[in-house]
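Novice: 3D model of this:
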Amino acid sequence: MSTDRPTPAAGDPGGRPGSPATLEVGRVVRPHGLRGEVIVRLVTDRTERLASGAVLSSTAGNLEVVRSVCNGGRWIVSFSGVGDRDGAEALRDVVLRAEPIVDPDALWVHELHGSEVLDVNGRHLGEITAIEANPASDLLVLDGGGLIPLRFVVEHGPGRVVVEVPDGLLE
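Specialist: Here you go, the predicted structure:
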């Protein structure tokens, strides 16, 4: 599953109604060093968001990635035009956004919200209200409080998810 997060903006970049125009992909945590680098915490598993040349939108304007290195689960990133500590400090807490990636095989968080969940027999189990990160498998949070590990999704489409869950999981 890809985990870019939706932002409140509306649009239809992927041809699916309700898809957001941009997705939250990370946040600048703090400056790193004296040369304008920053620590970025990604909220996506799509690390190409920080590839050299990638352009991310933010309240500070568009930010082009010059260089990024993963260091202990965090990313040290240099953006074009940010060459000193003061410039990096100005980016502290800035949310980074990007347009959705078109990948029909990926299961996107922003597409799951509000989807109907059915079991393999067509029984309605609820609607997805949230996705919770979990070390073993991210969890679909249903409107009735049920939690379904994402690994049980066997089919998905616009507004609909089919799961094959073990007996007793939702009882």
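Novice: now G122: which helix or strand?
Specialist: Assigned by DSSP states H and E, G122 falls within no helix or strand.
Novice: ok, it - how many residues close by?
Specialist: 7 (other CB atoms under 10 Å). Where you see a C-beta, it was placed from the backbone N, CA and C, and this is true even at glycine.
Novice: so what pLDDT did it get?
Specialist: You'll see G122 listed with a pLDDT of 95.
Novice: where do the strands sit along the protein?
Specialist: 5-6, 23-32, 37-42, 55-56, 63-71, 74-79, 95-98, 116-119, 124-132, 139-142, 147-149, 153-157, 160-163 (DSSP state E).
Novice: which of the ones you listed sits closest to A88?
Specialist: strand 23-32 (3.6 Å; CB to CB).
Novice: so for that closest one, what gets flagged as buried?
Specialist: L23, E24, V25, G26, R27, V28, V29, P31, H32 (16 or more other CB atoms under 10 Å).
Novice: go on, stretch 57-65?
Specialist: S57, S58, A60, L63, V65.
Novice: per-residue confidence for the first one?
Specialist: Predicted confidence (pLDDT) at S57: the value is 96.
Novice: now it: closest residue in space, sequence neighbours ignored.
Specialist: R97 (4.7 Å; CB to CB, 6 or more residues apart in numbering).
Novice: bridging residues for the residue lying closest to W75 once chain neighbours are set aside?
Specialist: Nearest-residue entry for W75: V40, 4.4 Å, with adjacent residues in sequence omitted and distances by CB to CB, 6+ apart. Applying DSSP bridges to V40 gives these bridge partners: V28, W75.
Novice: please consider this matter closed, and thank you.
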